[in-house]
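A.B. asks: Test case, fold it:
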Amino acid sequence: MFNKQDGHDIKEIETIVGPSVKIKGDFNGHGNIIVEGIVEGSLKCGNMLSVKNKAKIMADIEAKDAIIGGEVEGNIKISGYLEITSTAKIIGDIEATKISIAEGALFNGKCTMGLGGKPVHAPETHD
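C.D. replies: Residues are numbered from 1 along each chain as shown. I've put the predicted structure just below:
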């Protein structure tokens, strides 16, 4: 199911929300979390969050790092690196230190990048 080629070692995964699972409410975890099912409410992950292609998240998300390939309706706050794959559909605002958005991904919202969630501004130029 998961191996080093996927970037996941099964020993490193703390929680898997399977494709037939639906969670309503506040979901908190300190380790790595993989979501293949549905989460409604809020989702906090202390390490790596992986939202698989067929997953649906209707919640605000907070995590250290994340890879999003499914649907998210809610705001996303990532303290480290956020990767949005080509299969992702995101409706909500994003705050991340570093971000990568693949061609084909759908994103409708505001994106703030920078250290500590503070926007990074381009240096002023004088002509």
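A.B. asks: So for stretch 14-24, what gets flagged as buried?
C.D. replies: 16, 17, 23 (16 or more other CB atoms under 10 Å). Bear in mind the C-beta positions are built from the backbone N, C-alpha and C, glycine included.
A.B. asks: Which of those sits closest to residue 50?
C.D. replies: Closest approach between the buried residues of stretch 14-24 and residue 50, by CB to CB: residue 16, at 9.4 Å.
A.B. asks: close enough to count as contact, the closest one and residue 34?
C.D. replies: Yes. Residue 16 is within contact range of residue 34, at 4.8 Å (criterion: CB atoms under 8 Å).
A.B. asks: before we move on, back to that, restricted to strands, list the buried residues of stretch 14-24.
C.D. replies: Applying DSSP state E to the buried residues of stretch 14-24, the entries found in strands are 16, 17, 23.
A.B. asks: Just give the closest residue to the spatially most central residue of the chain, not the sequence neighbours.
C.D. replies: In the chain, the centroid-proximal residue (CA atoms, centre = their mean) is residue 66; its distance is 4.0 Å. Nearest residue to residue 66 in three dimensions, chain neighbours excluded: residue 49, at 4.3 Å (CB to CB, 6 or more residues apart in numbering).
A.B. asks: so which strand or helix has that neighbour?
C.D. replies: Residue 49 belongs to strand 38-51 when assigned by DSSP states H and E.
A.B. asks: contacting residues around that strand?
C.D. replies: The contact list for strand 38-51, computed with CB atoms under 8 Å, 6 or more residues apart in numbering, reads 8, 14, 17, 21-35, 55-70, 72, 88.
A.B. asks: From the residues you listed, list the buried ones, please.
C.D. replies: Buried subset of the contacts of strand 38-51 (neighbour count, 16+ other CB under 10 Å): 8, 17, 23, 27, 29, 32-35, 55-63, 65-70, 72, 88.
A.B. asks: that older thread, may I see the buried residues of the strand holding residue 49?
C.D. replies: Applying a neighbour-count criterion of 16+ other CB under 10 Å, one finds 38-40, 42-51 buried in strand 38-51.
A.B. asks: how about residue 27, what does it touch?
C.D. replies: 39, 41, 42, 43, 44, 59.
A.B. asks: name the element it belongs to?
C.D. replies: Using DSSP H and E, residue 27 sits within strand 22-29.
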